[in-house]
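Asks: test case, fold it:
(2 chains)
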Amino acid sequence: MSAALVLKLAPLTARRLDNFRANRRGFWSLWIFLALFVLSLFAELIANDKPLLIRHEGTFYAPVLFAYAETDFGGDFPTEADYRDPYLKKKIEADGWIVWPMVRYSFTTVDRNLPVPAPAPPSGEHWLGTDDQARDVVARLIYGFRVSVLFGLALTLLSSVVGVAAGAVQGYFGGKTDLIFQRFIEIWGGMPTLYLLIILASVVEPNFWWLLGLMLLFSWMALVGVVRAEFLRGRNFDYVRAARALGVSDVTIMSRHILPNAMVATLTFLPFILNSSITTLTALDFLGLGLPPGSASLGELLGQGKANLQAPWLGLTAFFVLAVMLSLLVFVGEGVRDAFDPRKARR
Amino acid sequence: MTEAPILEIEDLHVSFNRGEREVKAVQGANLVVRPGEIAALVGESGSGKSVTALSAMRLLPYPLAWHPKGSIRFKGEEILSAPEDRVRALRGDRMSMIFQEPLTSLNPLQGIGRQVAESVVLHRPVSAAAARERVVELFELVGLREQIARMDALPHEFSGGQQQRVMIAMALANTPDLLIADEPTTAVDVTIQAQILKLLQELQARLGMAVLFITHDLGIVRRIANRAYVMCQGRIVEEGVLPDVFRAPRHDYTRHLLASEPKGTPEPASASAPEIMACKNLKVWFPIKRGVIRRVVGHVKAVDGVTLSVREGHTLGIVGESGSGKSTLGRALLRLERSEGEVAFRGRAIEALRAKALRPLRREMQIVFQDPFGSLSPRLSVGQIVEEGLLVHGQGGDADARRQLIGQALTEVGLDPETQDRYPHEFSGGQRQRIAIARALVLKPKFVVLDEPTSALDVSVQAQIVELLRELQKKHRLAYLFISHDLRVVRAMAHEIAVLRQGRVVEHGPAADIFARPREPYTRALIAAAIELKADESGAVAM
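Replies: As a prediction, the model looks like this:
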C-alpha cells in the first residue's frame, strides 16, 4: 500500500525522498526529533505526581486518567488523593501496589521534603535537580519541550498558510495588488515586534492562544517573499497560459498549477521557521512576557538559570536541550533543502 | 586529401554517470576534419553530436563523463590523454568554439570589447593597447564595424545577431586552426541565421581554418558544408562529400532525415467557408512608464492595428521575425492579452466580454505553444492534463466517460490511450507536443492558435506534427492561426499568409502568391533567408 502510494507520488517526489534519506544526518535528526516529540506528547505518563496504576483491595485505579478521593483508599478526607503523602502511600500499599511513572513529579509538583534549600542539585531523586521553587527540572523539561514544539508547530503551520496565501495572491495578480501589499508588508514588517508584544502582554493576560495569535500577526511575512516570487515566475509559464486558455478559474490555476512549484520553497523554509518560532517563544518566556507564571517552559528555565548562577544545572540543562532541539531542526532543514535541490546529484 | 587532418576522432566513446546507470552518449564515432573545409555533424537532439564536439575540446563535465575508448587527435596530438595545461593552452587559441545561445555565453556584467580582448590576452603576452587594436580588427572582421564605438557596452545592449558576431570574434581572436560551431544559429531568427552562415563561410575562406559545424538542419548543411557526418544514437551512420551524400544516401537514417523535411501543401479549403475568427484594427500597446509616479511616456506597440480573419478549415500563417508581435497577436485573439479593437468569434463580438462570459467560448478556441517542455504541468499526469478542460466546462460525464474521451483524444494524436497515467517527463518533445495538441482537441474546438508548435522539435518530428495537424484540420474542419518564423513549415501548412513586422501586417495574401511573387522587400528577404538560407543585401532586414 505504502509502496503503491510512493509510486503514485510521481518519480520526482520519490527521488527527493531518496535524496533526503541519503542525507544521513538530516534523516536521523528527523527521527530523533520525532521520537522526542512523540514521547513528550505523553508527558503525563512519563513525569507525573500521580501513579499510573494502583491496585487496592482488589480494584484497579488509574489516577493519571481519573480523579479519586482520598477516602477511596481508606484516607480521611473526601478531597482528591495526594499520592505523594507517605501516609496514604502506606495505606494503599498495605493491600495492593502502585505503579509510578518514570519521574514521580509533575511540572507543578513542589517537593517539600528537599534535604537542601531549593534549588537543589542533581541527585538520585531529582536527576537534574530542582528549580528555585523546588520543582523537578526533568519534569519541567519534558513539559516545556512539548509546549515549545507544539507552539512552534502551530505557529509555523498557521503562518505558512497565511503567508502562502498572501504571497500567492500578490504574485499571481501582480500589478496594483502586489504594489499595495508589498508596501503594507514593508510597513508592517518595520514594526518593533517584541516591543508590541510587551505592550500587548501588559494589556491582556497572555496564554498559549493569545501568544500564538500575537506572534502570527508578524510571523506570516516570512514566506511571502519566496511564494510571491514563485508565483510571479509561474504565472508566465506556458502551462499556466494553456490553463487560462482552457478557461480554468484563477483559484484553480493558483492551487493546481502554480502552488506545487511554490511548495518546494515553502517546505524548504518550514524547519527554519519552526526553529525561529520556538526561539521566539523561549525569548518571551525568558523575559517573563510569555506563558503565564507556573507553566513549564524552556525560556522560564533559562531565566531561572540566569537568576541562580550558583545552580549551574538550571542554565546548562535549558541550554543543552535548546541547543540539541534547534540543531536537530536545522539538520532536518538542511536535509530537506538538499533533497529539493535539483542540482544535487547524489552518489 | 593528402593534407594532414586538423582533427581526427577515432572510435570515440563517451559515457555519463547517471546515478548507478551508465549512459552511453557516444559509441564509436569516427570523423576527420581537414584544413580549409567545413565539416557538418548532423543529427537530432540526443544523438550525441554536441557531446562529440565538446570531447574534442575536453569540455565535458569530467569525471561525471568519461571516455571508455577512443582517441581524439588535434594536428596529430592526442587530446584525451594530454595534461590539462596543454589542453587549456590549445582551447581558445588553436581551437575555439561558438555556442548556441549567444546571450548566456557572454558575461552580462562586462563590456563586450573587454571580453573579446580577454581571449586575446589569455594566450598572447600583448599590451592592453595592442589587444585593443586586435579587438578593433576582429570587430571589422565579423562585420561589427559600426559597433566599434560601442565596445564598452554590455552584451544585452546588442541584438541577437550582433551578440553572435561578438562570440565569433572571440572565437577567432587568435586565428584558430579549428572552429567548432555548436548550432550557432538555432536561437536566432532566420534572417540573422542567413547572415551568420554567410559570415562564417566568408571567414572560413579568408582565414583558411577548418570548421566543424554542428546542426540538426539539413538545409544549413547543404548551404555551407563540404563534408557531412550524420549521427544517430551515438554512432556516425553516414559520411560523405556534399552534395553526393544527400543525393544517394546509403543509410536508412539519412534517408529518413531527408524524407522528413516538411513538405507538401495544405489541403485546399473552400473559400466560402464561414468566418471563425476575425479582428479589426487590433492593437496591443504596452505602456512604458517612467519616473516616480510611473507616468506613461510611450508605448511598445506589440500589435499595431492588425485586421485579419480566419475561415473554417483554413490556416492563416503569421510570419515575421522575433519581436514582430506574432505571439502577442495570437494571445490577443484568444483574449489572453488586453487589447483594443474589434475581435469577433463566429460573428460574435468578444472584445468586451468578461472572464466569466468568455469561459463557455474558451471551449471552442484553443492554443498550442512552442515549448513542449514548458506547456505541460510537470506534476500532473497526462490524463489529468488533458482532462482539465473537460472538468472546467463540465463535459464528458463521469470519470469513466472522461477517461474514454481522453483515450480517444490521445489516440487521435497518435499516442497510446494507456499513456494517460504517466507523467510528461517520460515523453520526448514530439510526444509532449502531441499531448498538448490532445489537450486542445479534447474540447472539440473550432479555432486553434498554433504558436510555433514545431520550432522546438527535431526536423523529423516537425514533419510528423505538421502531418498530424493537417490531418486533424481536415477531419474536424479546424481553423488554424499558425504562428511561425520558419517559412518552410508555413509553406506546408498555410492557405493564407500575413507577414508581420513591428506589429503591422506588411503583406497579406494567399500562400502560393506570397511565395511566388512577394511584393515587399521584407517578405522577399524573409523567404530568401528561410528557404534558400541567403542573406539579404538590400537592407530590408536589420542586422
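Asks: SS state for B:His508?
Replies: Secondary structure for B:His508, judged by DSSP: H, G, I helix; E, B strand; the rest coil, is strand.
Asks: quick check: it vs B:Phe515, distance?
Replies: B:His508 is 14 Å from B:Phe515, where distance means C-beta to C-beta, to the nearest Å. C-betas here are computed from N, CA, C, even on glycine.
Asks: quick check: residues of chain B near chain A?
Replies: Residues of chain B lying close to chain A by C-beta under 8 Å from any C-beta of the partner chain are B:19-20, B:64, B:331, B:334, B:336, B:358-360, B:362-363, B:365-367, B:369-371, B:374-380, B:385, B:388-389, B:392-393, B:423, B:425, B:436, B:439, B:443.
Asks: how about the helix or strand of chain B with the lowest mean pLDDT: buried residues?
Replies: Comparing helices and strands within chain B by mean pLDDT, DSSP states H and E singles out helix B:102-105 as the least confident, with a mean of 77. Across helix B:102-105, burial judged by 16 or more other C-beta atoms under 10 Å in any protein chain shown covers B:Pro102, B:Ser105.
Asks: right, and the helix or strand after it?
Replies: helix B:112-121 (DSSP states H and E).
Asks: for B:Ser105, which non-adjacent residue is closest in space?
Replies: Sequence neighbours aside, B:Phe99 is the residue nearest to B:Ser105 in space, at 4.6 Å (criterion: C-beta to C-beta, 6 or more residues apart in numbering or on different chains).
Asks: roughly how far does that neighbour sit from B:Glu37?
Replies: B:Phe99 is 22 Å from B:Glu37, by C-beta to C-beta.
Asks: now do B:Arg255
Replies: On the measure of C-beta to C-beta, B:Arg255 and B:Glu37 end up 25 Å apart.
Asks: how many residues are close by A:Pro115?
Replies: 8 (other C-beta atoms under 10 Å in any protein chain shown).
Asks: that should have said B:Leu282, apologies.
Replies: Around B:Leu282 there are 23 residues (other C-beta under 10 Å).
Asks: and the nearest residue to it once chain neighbours are set aside, how many residues sit next to it?
Replies: Excluding the flanking residues, the one nearest B:Leu282 by C-beta to C-beta, 6+ apart is B:Gly341, at 4.0 Å. Residues within reach of B:Gly341, counting by other C-beta under 10 Å, total 16.
Asks: grab the nearest non-local neighbour of the spatially most central residue of chain A.
Replies: The centroid of chain A falls nearest to A:Val149 when counting by C-alpha atoms, centre = their mean (1.2 Å). Spatial nearest neighbour of A:Val149, chain neighbours left out: A:Phe37 (5.4 Å); criterion: C-beta to C-beta, 6+ apart.
Asks: are any of the residues of chain B next to chain A buried, and if so which?
Replies: With burial judged by 16+ other C-beta under 10 Å, the buried subset of those is B:331, B:334, B:336, B:358-359, B:362-363, B:365-367, B:369-371, B:374-380, B:385, B:388-389, B:392-393, B:423, B:436, B:439, B:443.
Asks: related to what we said a few turns ago, tell me which other helices or strands the helix or strand hosting the residue nearest to A:Val149 touches.
Replies: Assigned by DSSP H and E, A:Phe37 belongs to helix A:24-41. Applying 3 or more C-beta pairs under 8 Å, 6 or more residues apart in numbering or on different chains; DSSP states H and E, one finds that helix A:24-41 contacts helix A:10-22, helix A:137-173, helix A:312-340.
Asks: how about the ones you listed in CSV, adding distance to B:Ile214 and mean pLDDT?
Replies: As requested, those are arranged in CSV below (distance: least, C-beta to C-beta, whole Å; pLDDT from 0 to 100):
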stretch, distance to B:Ile214, mean pLDDT
helix A:10-22, 31, 77
helix A:137-173, 39, 92
helix A:312-340, 34, 89
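Asks: for chain A, name the helix or strand with the lowest mean pLDDT.
Replies: helix A:2-8 (a mean of 43).
Asks: any residues touching the helix or strand hosting B:Asp513, and which ones?
Replies: For B:Asp513, the host element (DSSP H and E) is helix B:511-516. Residues external to helix B:511-516 that are found in contact with it (C-beta atoms under 8 Å, 6 or more residues apart in numbering or on different chains): B:265-266, B:317, B:487, B:490-491, B:494-497, B:499, B:507, B:523, B:527.
Asks: of all those, which comes closest to chain A?
Replies: If you rank the contacts of helix B:511-516 by distance to chain A using C-beta to the nearest C-beta, B:Gly317 comes first, at 20.2 Å.
Asks: that's a strand at the closest one, yeah?
Replies: Yes. If the criterion is three-state DSSP, then B:Gly317 is within a strand.
Asks: and it, how many neighbours does it have?
Replies: The tally of other residues near B:Gly317 (other C-beta under 10 Å) stands at 26.
Asks: got it, and B:Glu77?
Replies: Other residues within reach of B:Glu77, judged by other C-beta under 10 Å, total 12.
Asks: so B:Asp152 sits right up against B:Gln110, yeah?
Replies: No. Assessed by C-beta atoms under 8 Å, B:Asp152 is found out of contact with B:Gln110, at 9.4 Å.
Asks: so between those two, which is more surrounded?
Replies: The residue with more neighbours, out of B:Asp152 and B:Gln110, is B:Gln110; 13 against 10, by other C-beta under 10 Å.
Asks: residues contacting that one?
Replies: Contacts for B:Gln110 were tallied using C-beta under 8 Å, 6+ apart; they are B:Leu154.
Asks: and it, what's its pLDDT?
Replies: Note on B:Gln110: pLDDT of 86.
Asks: what of the one 10 residues further on?
Replies: Here, the pLDDT recorded for B:Val120 equals 85.
Asks: contacts only, for it.
Replies: Contacts for B:Val120 (C-beta under 8 Å, 6+ apart) come out as B:Val126, B:Ala131, B:Arg134, B:Val135, B:Ala173, B:Asn174.
Asks: just curious, which of those is nearest to chain A?
Replies: B:Ala173 (31.7 Å).
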